[in-house]
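S.K.: Predicted model follows, preceded by the sequence.
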Amino acid sequence: MIETTLDIATLRKDFPILERKVYGYPLVYLDNAATSQTPQAVIDSIVDYYSSYNANIHRGVHALSQEATDAYEQVRKKLKRHFNAGKDHEIIFTSGTTHSINLVASGFASILNKDDEILVSAMEHHSNIVPWQMLCEKTGAKLRVIPMDESGDLLMDKYEQLLHERTKLVFCNHVSNALGTINPIEEIINKAHAVGAAVLIDGAQAAAHIVADVQALDVDFYTASAHKMCGPTGIGMLYGKEEWLRRLPPYQGGGEMIAEVSFEKTTYADLPHKFEAGTPNICGAIAFGAALDYMNNIGFEAIAQYEEELLNYATAQLLQIEGLRIYGTARHKTSVISFNVGEMHPYDIGTILDKMGIAVRTGHHCAQPIMDFYQIPGTIRASFSFYNTMEEVDMLAAGIKKAVAMLS
Ligand SMILES: *Cc1c(COP(=O)(O)O)cnc(C)c1O
């Protein structure tokens, strides 16, 4: 049954945390959609930075500053290649997807007016809803929602009906963190462009599983967070088409983003520095690069194939549990399983699983509108990464059965 070409047992040795015990049990980490674990190569890149070339970038004439600047800018090039952006300066370092989205939303405040509309999908993360609501309050523009069906697929005919010449922006995640749905972003982008709307795709969840080609997609903006792809927290990126990045005003004022400053007038630095005010997360960016290398060395195709095997096996195992219902059964989905068992509260099951060393997420997963759609308070979410094993799936299934027995 196991067809993967990956040597999972060896890969797991790259992750020191996977050795640890929780309440005396071996850790079974199934919360990868919230954050992924960190391989030694990434940890080493952080230690190496602080041990040998910690310095501020783009400013100093000294050797350390030059080395740090080079390493930081190398990662920009790496991200450009990974996502196939056209130019280095179309990659902006941010603190993560939330920051990237806010940067774009704030920039559009100067572009939208009260007759304009913004479309968001029904399965957005809160970080992809709130900034648009704030933008609508500021500009008077209206927020419209692309509905989804029971399986967690967007209703593309409804989407088409919602699009018209006043639609200025469409926002959608590439992969839903709560349901795992892989959205048909190519179609979403093409249809939006047909009415002249710009598109931002939230790639936070997708980037650990799928390599997006931003030029082939012709997407206007794309985001990623390093901590969901084996990198550290507090660093991420925004890809933006050059013409859009030139049009949007700077997001924050400060050092690094200026060309010339006087009390009368300040002129802004060129891209990408216009959007990177202040001292950035230099070490984080360098570690992001190490994480990208690590994942690319394994290969995203091999990762996706193995994760699909994990998903199929886990789905089959969990569905054998009486009363277990899975939310999000889209045909194209990543290795995320959101579920409930009967009327049992997700938190109760999650707490019992935790006591057995099994880390899952319970709650609304920052996607309350989805929970409202299914009329449930939340779900238990098990999300798998390439370092998870079939044995861990068995432990999860056994753990759920035990929790259900204890609670009923
Ligand atoms: C995790 C996630 C975010 C938020 O990312 P941050 O790194 O916390 O800013 C946004 N959207 C989706 C789909 C996510 O999974």
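M.R.: Cool, got the structure.

S.K.: Give me the residue ranges of the chain where confidence is low.
M.R.: 1-3 (pLDDT under 70).

S.K.: Going along the chain, name the helices of this structure.
M.R.: Taking DSSP state H to define them, one finds helices in the chain at 8-12, 40-48, 63-82, 97-108, 130-139, 156-162, 185-194, 214-217, 242-247, 282-298, 300-319, 346-355, 368-374, 390-407.

S.K.: which parts of the fifth one are buried?
M.R.: Of the residues in helix 130-139, those buried under the neighbour-count criterion (16 or more other Cβ atoms under 10 Å) are P131, W132, L135, C136, T139. Bear in mind the C-beta positions are built from the backbone N, C-alpha and C, glycine included.

S.K.: mind checking how far the residue of the chain most remote from its centre is from the ligand?
M.R.: Outermost residue of the chain with respect to the C-alpha centroid, by Cα atoms, centre = their mean, is E264; its distance is 40.5 Å. Going from E264 to the ligand by Cβ to the nearest ligand atom, to the nearest Å gives 37 Å.

S.K.: now N54
M.R.: Taking Cβ to the nearest ligand atom, one finds N54 at 24 Å from the ligand.

S.K.: follow-up on the earlier one: tell me which two of the buried residues of helix 130-139 sit farthest apart.
M.R.: P131 and T139 (12.3 Å; Cβ to Cβ).

S.K.: interface residues of the stretch 251-400 of the chain facing the ligand?
M.R.: On the criterion Cβ under 6 Å from any ligand atom, the ligand has no neighbours in the stretch 251-400 of the chain.

S.K.: can you list the residues of the stretch 1-150 of the chain near the ligand?
M.R.: Going by Cβ under 6 Å from any ligand atom, the residues of the stretch 1-150 of the chain near the ligand are G96, T97, T98, H125, S127, N128.

S.K.: Any chance of these in TSV with distance to L292 as columns?
M.R.: Compiled in TSV, these are given as follows (distance: Cβ to Cβ, whole Å):
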residue	distance to L292
G96	15
T97	16
T98	20
H125	22
S127	22
N128	23
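
S.K.: of all those, which comes closest to Q205?
M.R.: H125 (8.0 Å).

S.K.: what's that closest one sitting at in phi/psi?
M.R.: phi -70, psi 150 (degrees, to the nearest 10).

S.K.: give me the number of residues near the residue nearest to it when sequence neighbours are not counted?
M.R.: Once flanking residues are discounted, H125 sits nearest to C366: 5.0 Å by Cβ to Cβ, 6 or more residues apart in numbering. By other Cβ atoms under 10 Å, the residues close to C366 number 17.

S.K.: I figured C366 hits V130, correct?
M.R.: No. If you go by Cβ atoms under 8 Å, C366 and V130 don't touch, sitting 10.1 Å apart.

S.K.: Could you chop the protein up by domain?
M.R.: 8-30+300-407, 43-296 (automatic domain parsing).

S.K.: G180 and T279, how far apart?
M.R.: 37 Å (Cβ to Cβ, to the nearest Å).

S.K.: out of the two, which sits in the more crowded spot?
M.R.: Legend: neighbour count by other Cβ under 10 Å for G180 and T279, higher for G180 (27 against 13).

S.K.: Can you report phi and psi for that one?
M.R.: The phi/psi pair for G180 (degrees, to the nearest 10) is phi 80, psi 0.

S.K.: Tell me the residue of the stretch 301-408 of the chain that sits nearest the ligand?
M.R.: C366 (7.0 Å; Cβ to the nearest ligand atom).

S.K.: Now do the same contact list for that residue.
M.R.: Contact analysis of C366 by Cβ atoms under 8 Å, 6 or more residues apart in numbering lists H125, H126, S127, N177, A178.

S.K.: Only whichever of those are buried, select them in ChimeraX.
M.R.: Only the buried entries of those go into this ChimeraX selection, using 16+ other Cβ under 10 Å:
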select :125,127,177,178
